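Engineer: curious how this folds, go ahead:
(one chain, ligands or ions: 1)
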Amino acid sequence: MSSGVAVRRLSDWDAERLRDLAAEFDTPLYVLDPDRVRENAARLQSAFDAEEISYAVKANTTRPVLETIESTGVGAECASAGEVERALAAGFDGEAVRYTAVNPPEEDLDYVVDAAADHDLIVTVGAADTLDRLDERGFSGRLCIRANPGVGAGHHEKVSTGAAPKFGVPMDRVPDLASEAVDRGFDLVGLHAHAGSGISGEDLQAHRELVARMGDLARRVISDVGTIEFVNVGGGLGVPYREEEDPLDLDAVAAATREAFGDVDARLGIEPGRYFVADAGVLLTRVNTVKPTPETTVVGVDAGMTTLVRPAMYDSYHTIRSLASDADRRETVSVTVAGPICETADVLGEDRPLPDSERGDLLAVGNAGAYGYEMSSNYNSRPRPAVVALDGTDARLAVRREAVADITELETWSK
Ligand code: LLP
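Structural biologist: Numbering: from 1, shown residues only. From the prediction side, this is the model:
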């Protein structure tokens, strides 16, 4: 299987093809390329060849993505009962599905306890309470304990997870909880931790520290309870959002991860989300307003924070490119690209040098395959966009565009 180049930049997407898709499917529109997802999976599998890889499905749960990743043989890490249901529906083998409980609502536990009986999936608990609640439901499936490793990392404080008290059982309490779980008859198969999201540069050091701590913890738990099958050290592999950023050297990251883990009698696992899908997706949006102001030129577009929330939520940078067919011949101006939502934060990019925009131009927003459509919302009564997946030289609608009627359909109140 070809694993392609280490990164696909926004400039690598074929402008004419994207213009055709926007004309056919309208905007705002997410375009996904399953072939690129497959390449990303192949690169991960080649670097982490001895490790167990799962896909954190929260990054993108659209069907073409789930089916493509399932076909590569990796597992699925799910953050909710809904994600488990969708992963199973897309064909993931139940044994390769893990549900990571974070303050799980009752319905989630009801669902996964049933699903575990039918599909043998693994339930990861991050609190002793969750263990009790599984016990109350007669859970007899495979269990994993999530540790809070006390070290976090990530592209923004809001996505640094490892040291946040919300996640996982404090490290020093894990051995006792593991022994207790085994004594109570649970089938303890693994340990888990996750540092955070978008790890690169100096954060890699923090991630290695997490892996080393998990290696130590695993040795301790194994000596207490006998055996466990795996230790999963989470996801978080970063991707270059800026054109000038280099991609991760996956082989080096894999070697360092292995080394930090050390000699442990259990399989090492990782569960990236973003890495599989980020550069396999772009967002297309149409310019509807060009407004010169004393400070900047505002380029108003039809995609906003309800379409792609990352810039508003984490100040994330996404590359923006003009797809105007004569873009090369236009003067470059510095602009603010802003959406249609009535919020100051609704800006996709500031101080961006772009070919002078005109109403009707098409813009592409890069690296939109991860946490893009997935985090879209209906604020301001904005219907969510459509998603198309490339299929050879064709493209297929994967998720239809919402209408206002889809939103109001849920309302039960009438005069
Ligand atoms: N495993 C666990 C337990 C997680 O909580 C996450 C992400 C992952 C794996 C996958 O992380 P990844 O490889 O995709 O970085 N919405 C944010 C990211 C939040 C991710 C939350 N958990 C963003 O758009 O940057």
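Engineer: going forward, measure contacts and count neighbours with C-alpha atoms only.
Structural biologist: OK.
Engineer: A115: what's it in contact with?
Structural biologist: A115 makes contacts with L121, as judged by C-alpha atoms under 8 Å, 6 or more residues apart in numbering.
Engineer: surely it is in a strand?
Structural biologist: No. A115 sits outside any strand when classified using DSSP: H, G, I helix; E, B strand; the rest coil, being helix.
Engineer: now it: how far from G91?
Structural biologist: Going from A115 to G91 by C-alpha to C-alpha, to the nearest Å gives 14 Å.
Engineer: list the residues that contact V333.
Structural biologist: Contact analysis of V333 by C-alpha under 8 Å, 6+ apart lists R352, P353, L354, P355, D356.
Engineer: would you list the residues you listed in CSV and tack on secondary structure and neighbour count?
Structural biologist: Listed next are the contacts of V333 as CSV, based on DSSP: H, G, I helix; E, B strand; the rest coil; neighbours: other C-alpha atoms under 10 Å:
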residue, secondary structure, neighbour count
R352, strand, 17
P353, strand, 14
L354, strand, 20
P355, strand, 20
D356, coil, 19
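Engineer: tabulate those (JSON lines), appending distance to the ligand and pLDDT.
Structural biologist: What follows is these, written out as JSON lines (distance: C-alpha to the nearest ligand atom, whole Å; pLDDT from 0 to 100):
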{"residue": "R352", "distance to the ligand": "21", "pLDDT": "98"}
{"residue": "P353", "distance to the ligand": "24", "pLDDT": "97"}
{"residue": "L354", "distance to the ligand": "24", "pLDDT": "98"}
{"residue": "P355", "distance to the ligand": "28", "pLDDT": "98"}
{"residue": "D356", "distance to the ligand": "29", "pLDDT": "98"}
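Engineer: spatially central, which residue of this protein would that be?
Structural biologist: A59 (2.2 Å; C-alpha atoms, centre = their mean).
Engineer: now do it against G235, distance only.
Structural biologist: Distance, A59 to G235, by C-alpha to C-alpha: 11 Å.
Engineer: show me which residues of the stretch 151-300 of the chain are close to the ligand?
Structural biologist: For the stretch 151-300 of the chain, the residues in contact with the ligand (C-alpha under 6 Å from any ligand atom) are V159, H194, S197, G198, G234, G235, G236, L237, E271, P272, G273, R274.
Engineer: can you show me the strands along the stretch 251-400 of the chain?
Structural biologist: For the stretch 251-400 of the chain, applying DSSP state E, counting those that start in this stretch gives strands covering 267-270, 281-292, 297-301, 320-322, 332-338, 347-355, 362-365, 386-391, 394-399.
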